[in-house]
Structures are given as structure tokens and as C-alpha cells.
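>>> Predicted model, plus sequence, below.
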Amino acid sequence: MAVSIVLASASPFRAKLLKDAGIAFEARPADLDERALEAPMAESGAAPEDVALVLAEAKAVAVSEEAPGALVIGCDQTLSLGDEVFHKPLDMEAARSHLLKLAGKTHHLNSAVVLARDGVVEWRHVAMAAMTMRPLDPGFIGRHLAAVGQMALSSVGAYQLEGRGIQLFERIDGDYFTIIGLPLLPLLKQLRERGVIDG
């Protein structure tokens with residue numbers, strides 16, 4: 001019997017990565033308060049990659065408990081600049097603040113992916129990308145945000161590398177899939193090893 005695959009995410013970017021890879025899946029976002037889950041970890045000084053992993057696990061487990069027998073993919077991504085962890089900007093002023101802080105510096109994207117079935121985590125992985133933004137003057141940031149509009153609020157760094165956001169960078173160390181928020185190559189390897197997809 002074929003194993004059904006469920007993506008515990010509302011992200012159109014993650015869904016597109018899986019679809020483009022030829023994976024048949026159902027998207028079923030987890031209904032969790034991520035900030036409430038994250039608060040105790042932030043207070044205890046948890047590393048950004050651990051925060052991403054815990055949130056990815058929580059999403060995968062929650063959805064897998066409602067989808068018996070399905071293999072559920074949970075994902076989460078954190079952005080860290082030194083000790084500061086960034087969240088999706090709530091409004092355009094917050095997006096502007098994000099970009100002003102990130103300009104001319106190297107930040108890290110920590111992308112976690114988890115597989116869970118029937119409430120049990122079966123596999124976990126975290127990948128990291130180092131992202132160096134070029135120096136940006138406030139006028140350019142304002143024009144950039146005006147051009148991208150509300151899309152700036154849909155990602156943790158207030159940019160989409162797959163769109164105009166690429167203009168903000170001078171160096172990137174890490175793979176494209178990690179940056180989008182789903183470490184696809186290790187995930188596909190796991191699915192093949194489990195016989196869930198053709199290998």
C-alpha cells in the first residue's frame with residue numbers, strides 16, 4: 001500500500017519545491033502557536049537551529065496525529081544575526097528595520113525538516129546557509145520594499161531570494177533549498193531509503 005505524504009506547512013514555496021520534484025503530497029498546515037512554543041526556548045538561550053528543529057517537530061507530530069499512517073513532513077526556519085533571532089516582520093516598518101539590521105552583515109538561515117508518523121518523529125535534519133547582504137542605504141531599502149510590497153512580510157528576513165531579494169546580497173554560502181526553507185536533497189534521500197518514492 002502506498003504511503004501518503006503530508007506537508008505540515010502553508011508555505012507555497014515549500015509546496016512548489018515538492019511539486020517540482022515530482023512528489024505527490026497533501027498540504028495540511030499545523031495549527032500551532034509558534035511564538036508560544038518558542039518563548040521558553042528563547043528564554044533558555046536555545047540555539048537558533050534547535051529552535052527551528054523543535055518547531056518543525058511540533059508541526060510534524062501535531063499533523064501526524066491527525067493523519068494516521070501518513071508520513072508527515074514538518075519544516076521550520078529561523079534567521080539569526082549573532083545572538084538575535086528574527087521573526088517574520090509584522091508590518092512594513094518592521095521589514096525596513098530587519099533590512100537595516102541585516103545590511104552589510106552575514107546572517108544565518110537555519111532550516112529544519114522532520115518526518116513523523118502517528119505522532120512519532122522518525123527522522124530530523126537541520127541545514128544552514130550563510131547569507132551576506134551588501135551594504136544598503138536607507139533610500140534603496142525604502143524603494144526595494146515599495147517594489148516588493150506585502151511579499152516582504154511573508155518571510156523571516158523580509159526578502160525572497162527567488163525574486164527581487166537576490167539584489168540585496170553579495171555572497172551566499174549554502175544550497176538554494178535550505179534558503180527557501182526545505183532541505184530537499186536530504187529529505188528526498190530519506191524518502192527513497194524508506195521506499196516512499198522511487199529510487
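It's in. Numbers count the residues shown, from 1 in each chain.

>>> What is the longest helix seen in the chain packed up against?
The longest helix of the chain (DSSP state H) is helix 48-64. Contacts defined by 3 or more Cβ pairs under 8 Å, 6 or more residues apart in numbering; DSSP states H and E place helix 48-64 against helix 34-44, strand 71-81, strand 106-117, strand 120-133. (C-beta placed from N, C-alpha, C; glycine too.)

>>> and Ile5, which of the ones you listed is closest to it?
With Cβ to Cβ, the closest approach to Ile5 among these belongs to strand 71-81: 5.4 Å.

>>> Could you tell me which other helices and strands the helix or strand that contains Pro186 packs against?
Using DSSP states H and E, the element containing Pro186 is helix 184-193. If you count contacts as 3+ Cβ pairs under 8 Å, 6+ apart, helix 184-193 packs onto strand 106-117, strand 120-133.

>>> Show me what counts as buried in that helix.
Leu184, Leu187, Leu188, Gln190, Leu191 (16 or more other Cβ atoms under 10 Å).

>>> May I see these arranged in TSV, with distance to Gln160 and pLDDT as well?
Formatted as TSV, the buried residues of helix 184-193 follow (distance: Cβ to Cβ, whole Å; pLDDT from 0 to 100):
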residue	distance to Gln160	pLDDT
Leu184	17	97
Leu187	21	98
Leu188	23	98
Gln190	27	97
Leu191	26	97
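
>>> What is the nearest of the residues you listed to Val148?
Nearest to Val148, judged by Cβ to Cβ, of these is Leu184 at 24.4 Å.

>>> Leaving out sequence neighbours, find the closest residue to that closest one.
Phe177 (3.9 Å; Cβ to Cβ, 6 or more residues apart in numbering).

>>> one step back: need the winner for burial among the helices and strands packed on helix 184-193.
Ranked by mean neighbour count, the helices and strands packed on helix 184-193 are led by strand 106-117 with a mean of 24 (mean count of other Cβ atoms under 10 Å).

>>> what's the average pLDDT for that strand?
Across strand 106-117, pLDDT averages out at 97.

>>> still on that earlier bit, for Ser11, which of the helices and strands packed on helix 48-64 is the nearest?
strand 71-81 (7.4 Å).

>>> Would you list the strands that the closest one pairs with, along with their directions?
Using DSSP bridges, strand 71-81 pairs in its sheet with strand 5-7 (parallel), strand 84-86 (antiparallel), strand 106-117 (antiparallel).
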